[in-house]
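Asks: my questions are about this predicted structure, shown below with the sequence.
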Amino acid sequence: METNNHSIETQNLSLWYGDFQALIDVSVNIPAGKITSLIGPSGCGKTTLLRCFNRVNERYGNVTTKGEIKILGKNIYDPDVSLLELRKTVGMVFQRPNPLPISVYDNILFGLRIHSPFGSLKRSQSDEIVEEALTSVFLWDDLKDKLKTRATSLQLEQQQKLCIARLLPLKPQIILMDEPCSALDAKGTLAVEELMSVLAGTYTFLIVTHNMAQARRVSSECIYMFLGELIEHRETQALFETPEHPKTADYVQMRYG
Amino acid sequence: MKRSVLIYQSIALITLAVAFILLWSFSKGTPFVESGLTFDETAADSYAVLQENLYRMVPILLGSIFFSIAIAFYLEEWLAQTSWIYGIVAQQITILASIPSLLYGLLALYFFVLQSEKGSFFTHALTVVLLVMPITIQSTQMAIRGVDISVREAAFALGANRWRVVIDHVFPNAFSTIVAGICTAISRALAISALIIVVYFWREPALQSGDTFNVPSSVIVLLSSALLSSVISSFLEKKANLT
Ligand SMILES: Nc1ncnc2c1ncn2[C@@H]1O[C@H](COP(=O)(O)OP(=O)(O)OP(=O)(O)O)[C@@H](O)[C@H]1O
Ligand SMILES: [Mg+2]
């Protein structure tokens, strides 16, 4: 199913908000089971590209998309694709931690409840799922006595980890992250990065970041975008040390040295 | 902020009105509770009709509130993203909602005083519906917009569909603000009803004993309920702002 080990493949992807073109002919392959980072100046279309992959862009009425996006080898604009399944396969973590304003426990089960027939989740099963998810993000010890507290009252770092944890019961293949650490302090940032490194391998990560150091630390491949175009996509190390495109060099050097 | 000032103003006004009517009816020496005793047959009839009309208003009031909430959700959650009609409809509602309730009162009075009696229940109902619906729709819209966008995004990204998002998240989160809006609307409807009843009694000779004018107890009840629902509204508003 996974053709030559790419989780996401796009061919000449263009996207317009009304008549403003936000993505121009983007063709990119994202390797499976690795962390790929997406960098570029503000407004260059990073978030837009990311949001194409689980089709949440369509919620805005005036969006037109052209080109092809294949997730795990399947074109997501095919008529037989179910949004429900797509969003199960492709999880998303947002810039600002956004746990749902319900309990920690219910947050973790929310996705699963959507995707399972009513009443099919047994209580003991749910408990197990919650424990497993929280354990994978190193939150279980902190939160095992707080499962009934409102998730929005947790510390930001815990909230963001919870937002990752709530994707896991759905067994996603791909996790999209839009500046997941920009609301966190240094300690929280490191904790989330560490978590990503542990989870990479099991999941494909695509992470948007403004933090060059973070891109270098966590990602194995890196994509540089500029004004809606994909300028360069290479191994992270190579992109930062020997950028091929002058625009990449400008950006990387301006921000980094 | 502005809204809570309005609420306190309306509470103050309604309190004043109730106090005034109470004092006034006592100073006339005819306690309103006894007014029923002085009725002759026709008066009793008219009174019964009035009473019945008031009861019939309850389902109309509840129905229009229910409809308003449904319309507001439809507008915000379905129409807003998909259609240009949204802008026009929203604007019309804003205009209707910003008409002072006094104007609705005058409209109702005009039809009560000058038109035939047959139309009176209809006029009353229409006034209440016109008064309640735009306010409720608008306050519900505000409540829906007040629900954090990130909540929707999170739920959508987890695969929830619109219904699910609305039922599980938007509605519960907007609930206390919605109820606050409903209370404001109800209190306005009650106040208008009280006004209409007063006028109704005024022009009905059978309901006036001698040269004194009895303030019917239903007016007091209506005004007190109006006051109460304003208080509830402001309380909920505060609570919604805190969380
Ligand atoms: N819903 C929208 N409607 C219209 N234009 C939009 C919309 N969302 C984004 N845009 C425009 O598309 C362009 C790309 O936006 P996008 O949010 O993808 O940039 P970004 O690279 O994520 O920026 P940032 O680093 O600031 O998050 C911007 O010029 C933005 O103004
Ligand atoms: Mg962005």
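Replies: Looks like it came in fine. Numbers count the residues shown, from 1 in each chain, chains lettered A, B, ... in the order given. Ligands and ions are numbered 1, 2, ... in the order given.
Asks: from now on I want contacts and neighbour counts done on CA atoms only, so please keep to that.
Replies: Will do.
Asks: show me where pLDDT drops low in the chain?
Replies: Picking chain A for this. For chain A, applying pLDDT under 70 flags the ranges A:1-4, A:255-257.
Asks: actually chain B
Replies: Along chain B, segments meeting pLDDT under 70 span B:1-11, B:13-14, B:17-18, B:21-50, B:111-120, B:200-218, B:239-243.
Asks: can you rerun that using 90?
Replies: Within chain B, the stretches with pLDDT under 90 are B:1-61, B:76-131, B:146-153, B:159-165, B:167-169, B:171-243.
Asks: contact residues of it facing chain A?
Replies: Selection of chain B residues close to chain A by CA under 8 Å from any CA of the partner chain yields B:Q81, B:T82, B:S150, B:V151, B:A154, B:A155, B:F156, B:A157, B:L158, B:G159, B:A160.
Asks: and the helices in chain B, which stretches?
Replies: For chain B, the helices defined by DSSP state H cover B:2-27, B:41-73, B:80-82, B:85-98, B:101-114, B:119-146, B:149-157, B:162-165, B:171-203, B:217-242.
Asks: do the same with chain A
Replies: Assigned by DSSP H, the helices in chain A fall at A:46-52, A:83-89, A:104-115, A:123-136, A:140-143, A:156-165, A:186-199, A:212-218, A:236-241, A:246-255.
Asks: pull the distance from the last one to the chain's centre.
Replies: Okay, so that is helix A:246-255. Centroid separation for helix A:246-255 versus its chain: 24 Å, with CA atoms, centre = their mean, to the nearest Å.
Asks: ditto for the third one
Replies: Taking CA atoms, centre = their mean, the mean C-alpha location of helix A:104-115 is offset from the chain mean by 18 Å.
Asks: now A:R216. Nearest residue, chain neighbours left out?
Replies: In space, and not counting its chain neighbours, A:R216 is closest to A:T236: 6.2 Å by CA to CA, 6 or more residues apart in numbering or on different chains.
Asks: spit out the contact partners of the one you found.
Replies: Going by CA atoms under 8 Å, 6 or more residues apart in numbering or on different chains, A:T236 touches A:A215, A:R216, A:S219, A:S220, A:E221, A:C222.
Asks: thought the third one was touching A:G33?
Replies: No - with contact taken as CA atoms under 8 Å, A:S219 and A:G33 are classed as non-touching, separated by 11.3 Å.
Asks: neighbour-wise, which of the two wins?
Replies: Taking neighbours as other CA atoms under 10 Å in any protein chain shown, A:S219 and A:G33 compare with A:S219 leading, 23 against 18.
Asks: ok, the more buried one to chain B distance?
Replies: Separation of A:S219 from chain B (CA to the nearest CA, to the nearest Å): 23 Å.
Asks: which residues touch that residue?
Replies: Contacts for A:S219 were tallied using CA under 8 Å, 6+ apart; they are A:K34, A:I35, A:T36, A:S37, A:T236.
Asks: do you know how far it is from A:T204?
Replies: According to CA to CA, to the nearest Å, A:S219 and A:T204 sit 11 Å apart.
Asks: same check, this time on A:E244
Replies: 26 Å.
Asks: whichever of the residues of chain B next to chain A end up buried, select them in ChimeraX.
Replies: Only the buried entries of the residues of chain B next to chain A go into this ChimeraX selection, using 16 or more other CA atoms under 10 Å in any protein chain shown:
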select /B:150,151,154,155,156,157,158,159,160
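Asks: tell me which parts of chain A are close to ligand 1?
Replies: By CA under 6 Å from any ligand atom, the residues of chain A that approach ligand 1 are A:Y17, A:A22, A:P41, A:S42, A:G43, A:C44, A:G45, A:K46, A:T47, A:T48.
Asks: what subset of the residues you listed is buried?
Replies: Buried, going by 16+ other CA under 10 Å: A:Y17, A:A22, A:C44, A:G45, A:K46, A:T47, A:T48, out of those.
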